[in-house]
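1. Structure, please.
(2 chains)
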There are 2 protein chains.
Amino acid sequence: MSEFNLIQKYFTRPTRHTDLGVGDDAALVKVAEGMQLVVSTDMSVAGTHFFHDAAPYNIGWKSLAVNVSDMAAIGAQAKWATLAISLPEVNENWLAEFSHGFFACADAFNIDLIGGDTTRGPLNISVTIMGEVPTGKALRRGGAQVGDDIWVSGQIGSAALGLAHLQNKTLQGKNELENDALQASIHELCRPVPRANLGLALRDVATSCIDISDGLLADLGHILKASDCGATIDLEKIPCIDYLKNDLKNPQFQELLLAGGDDYELCFTAPPSKRDEIELLSKQQNILLTRIANTRSPTSRMAIGLESGGPEVMYQNQPLSLLKQGFDHFA
Amino acid sequence: MSEFNLIQKYFTRPTRHTDLGVGDDAALVKVAEGMQLVVSTDMSVAGTHFFHDAAPYNIGWKSLAVNVSDMAAIGAQAKWATLAISLPEVNENWLAEFSHGFFACADAFNIDLIGGDTTRGPLNISVTIMGEVPTGKALRRGGAQVGDDIWVSGQIGSAALGLAHLQNKTLQGKNELENDALQASIHELCRPVPRANLGLALRDVATSCIDISDGLLADLGHILKASDCGATIDLEKIPCIDYLKNDLKNPQFQELLLAGGDDYELCFTAPPSKRDEIELLSKQQNILLTRIANTRSPTSRMAIGLESGGPEVMYQNQPLSLLKQGFDHFA
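-> Numbers count the residues shown, from 1 in each chain, chains lettered A, B, ... in the order given. Presented below is the predicted three-dimensional model:
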């Protein structure tokens, strides 16, 4: 199978809002008037982001979903994506499943695949996503004000729990974890559902927003640093499944919750005056939204010697010291 | 060095035409009114597109340059790029040189790096480039008309000659090849200069255009197939350095010239009425532009049993049969 036939068979689909899609030197699209173009890119590498034997459908889904999550985090409507993929060999079963997963995500979020590149090499998937946001309406990391509420969507730590299980890590009290909950955690890891509609709804509500990909502390830390704020989180306020909630003194569970990453939930700030609006949004979209803390002046953080830029965490009225703040490919 | 410091140190530069660059969940840019957004992506993999020990400056330059070439081929003004890179380890010397090469190309073509991703894994560089073209003015592959002139810019085959040398292939009559010419060929391979201004100038001149990345026959074949045309090329009309020109009966040289790829010259079609304009353009931009053939009806191609879609090649009035039409990662 030639490169050109491969692209034709697995990566060419009708488009919805594209002037010229896959097949020429470049793609052509029209950005609507009054809109900024929003661009983000995420690379997924075998052995780093997923296991070599991971289900190709899930690899396809997730490689696009993590990019949709970036669009959500900035309040943009995702519309177009390019896919560059490096493959060690042409395995048609693998490609068929991968492209099914990729296009399932594309269809779920109304995204056109408009171009790409296929090449030979170690398995690597690089997706660039493009979308639109009304000019000036993007949710930046640096917009939080002192005194804002800090919110998170969904439950945190499940994807990291699923990963710990797949890595055969010893999980304390694992017998108490029902099989269903464990499967759900693995599903959270492998098939994340980005909070696309929530991101759009937050445009006129939130003062800052980020998606939790590297871990709650690291990602909230980005907001705090960019906004020149501090925060103190009570560990017990972080929404999570009962299995984690029931043993929060366990350092392993603390790390899953605070530094695990791969949640693809949104962490955002909003003034307290927006609480009713946010609770209504939670009902309308049927998404758990939890207030976990408030931003404060950064001076108190510096005074207690926390230099990481991340938030302080309290557990049973004592500051918690964590070895790891979040995922870093090179630290 | 953390991932965040690495991005800050090597991949964050002031931007020229960008509302929000590197450092948030996504970048924000404004596409001018009356313009289509043009998007293309190319992935470069160690061991496939460049040698593992290639000069990192050249890898950086070329990873962006090949994308600029795609913009030129469609007549777009390149403006923005994202860079996703997977690295086996953090080697600061390598990164410093790579980023110098990347930004040298970005500066040469007035392109802002607006976002990206850095991750751990086998060396892989994925660039997505974005630009603008006045709505409806893009140079498509499918616009050639029967009777159009077929033009190529520059000289063909030099990059492939440089590659053959670096691969230690036996080159017939290599002693006749001056050291300077050999070094120039290697330079063509490692530091290609995309025909950005030529692409822009061809918007109102050419009927179709492509950049020669996979080899002249394969790339011209894409134009012919998309335009439903045929063509017969006289091998001796293809512009190339004297070393190749002097021994065109050599099948190795024929392959370098016709199927070598990596030239990043433009191949385009235009009606004969545009000859004066194109020759003036050649003088103005100081770029060799050569008419190598004319398009014709595709029926004659089918009649002689050529099913590849590529053009027919004649040498000394005999049709030439080639084993290889161009580079294909999976054929």
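
2. hey, which helix or strand in chain A has the poorest pLDDT?
-> helix A:299-303 (a mean of 54; mean pLDDT, DSSP states H and E).

3. Just want the most central residue of chain A.
-> In chain A, the residue lying closest to the centroid (C-alpha atoms, centre = their mean) is A:Y264, at 2.7 Å.

4. Next one: it from A:V66, what distance?
-> Distance, A:Y264 to A:V66, using C-beta to C-beta, to the nearest Å: 7 Å. Yep, even glycine has a C-beta here, placed from its N, CA and C like the rest.

5. and if you look at A:A138?
-> 19 Å.

6. Just give the number of residues close to A:F103.
-> A:F103 has 18 neighbours, counted by other C-beta atoms under 10 Å in any protein chain shown.

7. so it touches A:D112, yeah?
-> No - counting by C-beta atoms under 8 Å, A:F103 sits too far from A:D112 to count as a contact (10.4 Å).

8. What distance do you get for the closest residue to A:H100 other than its chain neighbours to A:E188?
-> Using C-beta to C-beta, 6 or more residues apart in numbering or on different chains and skipping the chain neighbours, the partner closest in space to A:H100 is A:Y57 (5.7 Å). Using C-beta to C-beta, A:Y57 is found at 16 Å from A:E188.

9. Between the two, which has more neighbouring residues?
-> Set side by side, A:Y57 and A:E188 show more neighbours around A:E188, with 24 against 19, by other C-beta under 10 Å.

10. can you tell me the helix or strand for the more buried one?
-> helix A:179-190 (DSSP states H and E).

11. Packing partners of the helix or strand harbouring A:F102?
-> If you go by DSSP H and E, A:F102 is part of helix A:92-108. Applying 3 or more C-beta pairs under 8 Å, 6 or more residues apart in numbering or on different chains; DSSP states H and E, one finds that helix A:92-108 contacts helix A:3-10, helix A:56-73, strand A:77-87, strand A:112-120.

12. how about TSV for those, with mean pLDDT and distance to B:Y315 added?
-> Converted to TSV, those look like this (pLDDT from 0 to 100; distance: least, C-beta to C-beta, whole Å):
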stretch	mean pLDDT	distance to B:Y315
helix A:3-10	87	27
helix A:56-73	98	46
strand A:77-87	97	36
strand A:112-120	95	31
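
13. Turn these into JSON lines, including distance to B:V127.
-> Compiled in JSON lines, the helices and strands packed on helix A:92-108 are given as follows (distance: least, C-beta to C-beta, whole Å):
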{"stretch": "helix A:3-10", "distance to B:V127": "18"}
{"stretch": "helix A:56-73", "distance to B:V127": "16"}
{"stretch": "strand A:77-87", "distance to B:V127": "9"}
{"stretch": "strand A:112-120", "distance to B:V127": "10"}
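
14. Which among those is found nearest to B:E178?
-> strand A:112-120 (33.8 Å; C-beta to C-beta).

15. Could you give the average pLDDT over whichever helix or strand comes after that closest one?
-> Beyond strand A:112-120 in the direction of the C-terminus, DSSP H and E gives the next helix or strand as strand A:124-134. Taken as a whole, strand A:124-134 has an average pLDDT of 98.

16. any idea which helix or strand comes after strand A:124-134?
-> Following strand A:124-134 in sequence order, the next helix or strand is strand A:149-153 (DSSP H and E).

17. hmm, that following strand in reach of chain B?
-> No - for strand A:149-153 and chain B, the contact criterion (C-beta under 8 Å from any C-beta of the partner chain) is not met; the two come no nearer than 14.7 Å.

18. Please enumerate residues in contact with the next helix or strand along the chain from that strand?
-> Later in the chain than strand A:149-153, the nearest helix or strand by DSSP H and E is helix A:158-166. By C-beta atoms under 8 Å, 6 or more residues apart in numbering or on different chains, the list of residues contacting helix A:158-166 from outside reads A:51, A:171, A:182, A:184-190, A:192, A:215, A:240-241, A:243-244, A:252, A:255-257, A:260-264.

19. For helix A:158-166, which residues meet the burial criterion?
-> Using 16 or more other C-beta atoms under 10 Å in any protein chain shown as the test for burial, helix A:158-166 gives A:S158, A:A159, A:A160, A:L161, A:G162, A:L163, A:A164, A:H165.

20. now swap in stretch A:240-247 and tell me
-> Neighbour counts over stretch A:240-247 (16+ other C-beta under 10 Å) mark A:C240, A:I241, A:Y243, A:L244 as buried.

21. Quick one: residues contacting the closest residue to A:W80 other than its chain neighbours.
-> Sequence neighbours aside, A:M130 is the residue nearest to A:W80 in space, at 4.4 Å (criterion: C-beta to C-beta, 6+ apart). By C-beta under 8 Å, 6+ apart, the contact list for A:M130 reads A:V29, A:L37, A:V38, A:V39, A:A78, A:K79, A:W80, A:A81, B:L37, B:V39, B:M130.

22. Please apply the same query to A:S126.
-> A:41-44, A:83-85, B:41, B:43, B:84, B:117, B:124, B:126.

23. Okay, the nearest residue to it once chain neighbours are set aside and B:L83: tell me how far apart.
-> Nearest non-adjacent residue to A:S126, counting by C-beta to C-beta, 6+ apart: B:S126, 3.5 Å away. According to C-beta to C-beta, B:S126 stands 8 Å off from B:L83.

24. Mutual contacts of those two, please.
-> A:T41.

25. Sketch out the low-pLDDT regions of chain A for me.
-> Residue ranges of chain A with pLDDT under 70: A:299-309, A:322-331.

26. If you tally nearby residues, what's the number for the closest residue to A:D24 other than its chain neighbours?
-> In space, and not counting its chain neighbours, A:D24 is closest to B:R141: 5.4 Å by C-beta to C-beta, 6+ apart. Residues lying near B:R141 (other C-beta under 10 Å) number 21.

27. Repeat that for A:N317.
-> Neighbour number of A:N317 under other C-beta under 10 Å is 6.

28. list the contacts for it?
-> A:N317 neighbours (C-beta under 8 Å, 6+ apart): none.

29. Run through the neighbouring helices and strands of the helix or strand harbouring A:L258.
-> Counting by DSSP H and E, the element that carries A:L258 is helix A:251-259. Counting contacts by 3+ C-beta pairs under 8 Å, 6+ apart, helix A:251-259 packs against helix A:158-166, helix A:216-227, helix A:242-245.

30. just checking, next helix/strand downstream of it?
-> strand A:266-270.

31. That next one vs chain B: in contact?
-> No - Strand A:266-270 stays clear of chain B (C-beta under 8 Å from any C-beta), getting no nearer than 10.1 Å.

32. Please apply the same query to stretch A:62-79.
-> Yes - counting by C-beta under 8 Å from any C-beta, chain B is contacted by stretch A:62-79 at A:D70, A:M71, A:A73, A:I74, A:A76.
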